[in-house]
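Peer 1: take a look and give me a structure for this.
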Amino acid sequence: METVEKKSVQALHLEHRTWMNELQFAEDELGIYQKRLEALVADRYDKEMMVSLEHFQNQFIRQQEVINDLKHRLRRHESRICQLLAQVQGQDVNRIFAADHGKLREDMVQFRKIFQELKQHFYHFLAKWSL
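Peer 2: Got it, this is the predicted structure:
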């Protein structure tokens with residue numbers, strides 16, 4: 001796997017765009033899941049279901065917060081790269097942002113893992129409570 005230090009600024013930008021698209025897709029999925037929860041509440045009431053439903057509602061809120069934070073950090077990182085490119089000519093810009101970009105990459109990997117687990121648990125919940 002190519003290290004961040006060897007990636008060009010253009011490759012970092014492409015990775016940022018890919019991550020932003022992925023986060024937007026996850027945000028859209030959360031909206032769909034939220035509507036599904038609302039439909040379950042409207043269709044029926046079961047105390048056990050409501051406990052699980054509240055759990056998922058809280059998880060969806062938390063994941064939205066994580067998405068917002070990652071989007072903000074990605075935009076800030078992209079802006080800092082652009083500012084630096086305008087200020088320095090001929091210097092190794094790639095190396096300057098390697099650590100920050102690496103942390104974003106780790107956070108995206110963690111987000112994917114947690115979001116995938118949440119989706120799996122939610123699908124099990126839906127299978128149990130949907131008719």
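Peer 1: A86: which element?
Peer 2: helix 47-87 (DSSP states H and E).
Peer 1: which other helices and strands does that helix contact?
Peer 2: Using 3 or more C-beta pairs under 8 Å, 6 or more residues apart in numbering; DSSP states H and E, the elements in contact with helix 47-87 are helix 9-43, helix 93-96, helix 98-129. In this view, the C-beta of every residue, glycine as well, is placed from N, C-alpha and C.
Peer 1: same thing but at 6 Å, please
Peer 2: Judged by 3 or more C-beta pairs under 6 Å, 6 or more residues apart in numbering; DSSP states H and E, helix 47-87 is in contact with helix 9-43, helix 98-129.
Peer 1: what's the average pLDDT for the shortest one?
Peer 2: Per-residue pLDDT values across helix 98-129 average out to 91.
Peer 1: again with the longest one
Peer 2: Regarding helix 9-43, the rounded mean pLDDT is 91.
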